[in-house]
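Undergrad: can you look at this prediction? I've put the sequence above it.
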Amino acid sequence: AREQAEVLPGDMADLSAGAIRSLAARATDAERALDASGKGLTRFPTAVLHLLATMVGPKGSASALEAVSELRVSHNALTHLLTPAHLQPHGGDDGIDGDEDVWAQLSACRLIDASKNKLTALPDVLRLMLSLRELHLGGNRLDAARLDALLMPEGPAAIADPFLAKLQLVDVSENQLVLLPACLLRAPALHTLALARNRLKTLADDSLHIGGWNVRTPALTCLDLSSNKLTDLGEMPHTLAAGGAPELARLNLEGNELRAIPHALGSVRSLTTLLIAGNPQRAIRHDVIEKGSSAVLAALRDMAPADGGTDAFPGAGAGAPPPARSAARLGDFPLGARAGPRIAATVTRDSGDSNAASFRSNASAASVQSRVENGVDEHAAERAELARRVRELQDEIGRDGIGGRAMSNAKRFQMKKEIAKLTAQLNNLGR
């Protein structure tokens, strides 16, 4: 106990001083990986970060902490990655950096693996880690609202975010997602997205808070939606068939509740692996599924209507690629079409790409109209109203500072709390 109290700052509830020094020493080897996986931790070992911050780093780094490239804390019992402020032994007033300060020094970290814990939220300081490429969060207790609040704090109408711009792999499988977080479609470099073993029921309309899956994901190659409760893929199949994910090679839909596999998936030219076993659909026989993806894709093409039965980007020829879009514009998609007697077309700020705008507007509005008329979505109107209120608050935050009128920090904080509250209500209506 005297050794623990001797020198090391930070939370040491689960590790001895010797164990902390050992972890720090291993984090300075050639791999630059801080690995505290499988140690039964209930609190993140920030003492290791504090110690690394005092150690000499390689050439070009102010400290050993700034050179850490991987942070692995999987298979523990963590409820937070950042200890709540009131439990932190140091907060900067005594000359020692607080926990958030040392987290912010992980400027070279490219990978965080916090899978198999009990996380319900993520710290805002993660957004300062602009080198992050991989985020492994499977097997926790995260929901869509918490992820959106961290990864897309200004809402879906915000401009391209520097934190999302470099993310390449996100694993949020086996969490508590009822809705697909909109932020996960805002990462233009994302190539792997794992959403298996959640509670997703639909990808249609405002299940993404943005009007459905009708945006381009230019780098996406692997999408895992297996073992959810999906009954409706919404606009996604037609978006993919129209070139919305030109690199997509693998799509896993196994173990859902799909009574039909959309024919449009057979027209996704890049797709080589399509897994559909474990769904109640009957159109594609079991023996065809057992032959593999090539047979499944061929069956879908054979069942498609004579005219192709897929949406295409307006103005594009049969073999033409989708219109090019700059990375800066990939995040410019609408909050969602509004349900009602007359469905307003969704609006995009990307006025320079009228073809893509028309594609998104028509697909989203038509789908919402159909579901409302057929009584499929009894909460559509209520969700549309909540979405409208969220958009108004986001727009007001976005106008802050324009024309010399500055919003107080207190008012901005209250507005963000209201956005989080409304988003939570949206999630509950999707359950």
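TA: Everything's here; your move. Residues are numbered from 1 along each chain as shown.

Undergrad: now the element after the worst-scoring helix or strand of the chain on mean pLDDT, going C-ward?
TA: Every helix and strand of the chain was ranked by mean pLDDT, DSSP states H and E. The lowest is helix 354-373, at a mean of 39. With elements assigned by DSSP states H and E, the helix or strand that comes after helix 354-373 is helix 380-398.

Undergrad: buried stuff in that following helix?
TA: Neighbour-count burial for helix 380-398 flags 380, 383-384, 386-387, 390-391, 393-394, 397 (criterion: 16 or more other CB atoms under 10 Å). C-beta coordinates here come from the backbone N, C-alpha and C atoms, glycine included.

Undergrad: low-scoring stretches of the stretch 1-150 of the chain, by residue?
TA: The stretch 1-150 of the chain contains residues with pLDDT under 70 at 1-14, 83-97.

Undergrad: so what's residue 151 closest to, chain neighbours aside?
TA: The shortest distance from residue 151 to any non-neighbouring residue, by CB to CB, 6 or more residues apart in numbering, is to residue 183 (3.7 Å).

Undergrad: which parts of the stretch 151-300 of the chain are helices?
TA: 162-165, 236-241, 286-291, 293-303 (DSSP state H, counting those that start in this stretch).

Undergrad: what residues sit buried inside the third one?
TA: Of the residues in helix 286-291, those with enough neighbours to count as buried (16+ other CB under 10 Å) are residue 289.

Undergrad: and it, what does it pack against?
TA: Counting contacts by 3 or more CB pairs under 8 Å, 6 or more residues apart in numbering; DSSP states H and E, helix 286-291 packs against helix 293-303.

Undergrad: put the alpha carbons of the helix it packs on into CSV.
TA: Extracted in CSV, the C-alpha atoms of helix 293-303 (Å, rounded to 0.1, in the frame of the first residue of the first chain):
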residue,chain,number,x,y,z
SER,A,293,-22.7,-16.6,-52.6
SER,A,294,-22.3,-16.9,-56.3
ALA,A,295,-25.4,-19.1,-56.5
VAL,A,296,-27.4,-16.8,-54.3
LEU,A,297,-26.4,-13.7,-56.3
ALA,A,298,-27.3,-15.5,-59.5
ALA,A,299,-30.7,-16.5,-58.1
LEU,A,300,-31.4,-12.9,-57.2
ARG,A,301,-30.5,-11.7,-60.6
ASP,A,302,-32.8,-14.4,-62.2
MET,A,303,-35.7,-13.3,-60.0
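
Undergrad: neighbouring contacts of that helix?
TA: For helix 293-303, the external contacting residues (CB atoms under 8 Å, 6 or more residues apart in numbering) are 261-263, 265-267, 271-276, 283-284, 288-289.

Undergrad: residues contacting the residue nearest to residue 151?
TA: 147-148, 150-152, 164.

Undergrad: and those residues, which is closest to residue 19?
TA: Of all those, residue 19 sits closest to residue 150, with 29.5 Å by CB to CB.

Undergrad: pull the contacting residues for the nearest residue to the closest one once chain neighbours are set aside.
TA: Nearest non-adjacent residue to residue 150, counting by CB to CB, 6+ apart: residue 122, 4.8 Å away. Listed by CB under 8 Å, 6+ apart, the contact partners of residue 122 are 81, 137, 142, 146-147, 150.
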